[in-house]
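>>> Fold the stuff below for me.
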Amino acid sequence: MLTVNYDRLGLKPGDRILDMGCGAGRHAFESFRRGAKVVALDASDTELKNVAGLFVAMGQQGETTPEGRASVVQGSGLELPFVDASFDYIIASEVLEHIPNDSGAVSELNRVLKPKGRIAITVPRFYPELINWALSNQYHEVPGGHVRIYRRSELIERLESNGFKYLSHHYAHGLHSPYWWLKCYVGVNRQDSRLVNSYKKFLEYEIIKNPQYLNYVRKVADPLMGKSIVFYAEKV
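Have a look, this model is predicted:
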């Protein structure tokens, strides 16, 4: 389930890209599949072991191009272990809302990006996230949880004050917002809600089967109630 639109990002085979806060690796895998030279960075050693294993499997199955390379690095978004101007592209998906010093993290991303390089940053959209916070403290008051809710103008200001030129944005995962509203309403840790579990099965069907008719539904749902907002910017 990708959040970033690669056509907007502009990644090409052979380009060097950092997936900062890669988590389970969904964008790192797609970048590798497209033939990029990928570095997947995360603070979690467990996540990185899984990501590295799948990189190996993808290479063995020929699921990339000859230009493709992939590696993992454990590190912090506030002290990236790379020299200046190391990458052509950066993805930071659903990361900044977890970092108290988000301006420092954006500054670090700017430092390791090449001049005119592009970045895609995704965060939870303001009003769907606000509903989650209103319905449940457990949703965000957990170790490593969300520490802020971004307004669109606020993140654009973060980007522009740290050396980026804002280019565009769009919304994603409109069908996922109701799932989280339901979970927050019944209790985020509750496992026996028939309604929540039924909706989860629908989302799994969406992700795995990706039926064509849902493309039309998403075109309406994403701008209306997309759970994530995706920003694209260029280093000045």
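>>> CA only for contacts and neighbour counts going forward, please
OK.
>>> What helices and strands are in contact with the helix or strand containing I156?
Assigned by DSSP states H and E, I156 belongs to helix 152-161. Judged by 3 or more Cα pairs under 8 Å, 6 or more residues apart in numbering; DSSP states H and E, helix 152-161 is in contact with helix 102-112, strand 164-172.
>>> following the first one, which helix or strand comes up?
I take that to be helix 102-112. Following helix 102-112 toward the C-terminus (DSSP H and E): strand 113-124.
>>> Direction-wise, compare whichever helix or strand comes after that next one with strand 113-124 and give the angle.
Per DSSP H and E, the first helix or strand lying C-terminal to strand 113-124 is helix 126-135. For helix 126-135 against strand 113-124, the angle by axes from the mean of the first three to the mean of the last three Cα atoms, to 10 degrees is 50 degrees.
>>> buried ones in helix 126-135?
126, 128-129, 132-133, 135 (16 or more other Cα atoms under 10 Å).
>>> For the protein, which segments are assigned as helices?
For the chain, the helices defined by DSSP state H occupy 6-9, 26-33, 45-60, 102-112, 126-135, 152-161, 177-186, 194-209, 212-225.
>>> okay, the third one in CSV with CA atoms only?
What follows is helix 45-60 as a C-alpha-only set of coordinates in CSV (Å, rounded to 0.1, in the frame of the first residue of the first chain):
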residue,chain,number,x,y,z
ASP,A,45,16.9,-3.2,14.2
THR,A,46,14.0,-5.7,14.0
GLU,A,47,12.3,-3.8,11.1
LEU,A,48,15.6,-3.5,9.3
LYS,A,49,16.4,-7.2,9.5
ASN,A,50,13.0,-8.0,7.8
VAL,A,51,13.6,-5.3,5.2
ALA,A,52,17.0,-6.6,4.4
GLY,A,53,15.7,-10.1,4.0
LEU,A,54,13.1,-9.0,1.5
PHE,A,55,15.6,-7.0,-0.4
VAL,A,56,17.7,-10.2,-0.9
ALA,A,57,14.6,-12.1,-1.9
MET,A,58,13.6,-9.5,-4.5
GLY,A,59,17.1,-9.6,-6.0
GLN,A,60,17.0,-13.4,-6.2
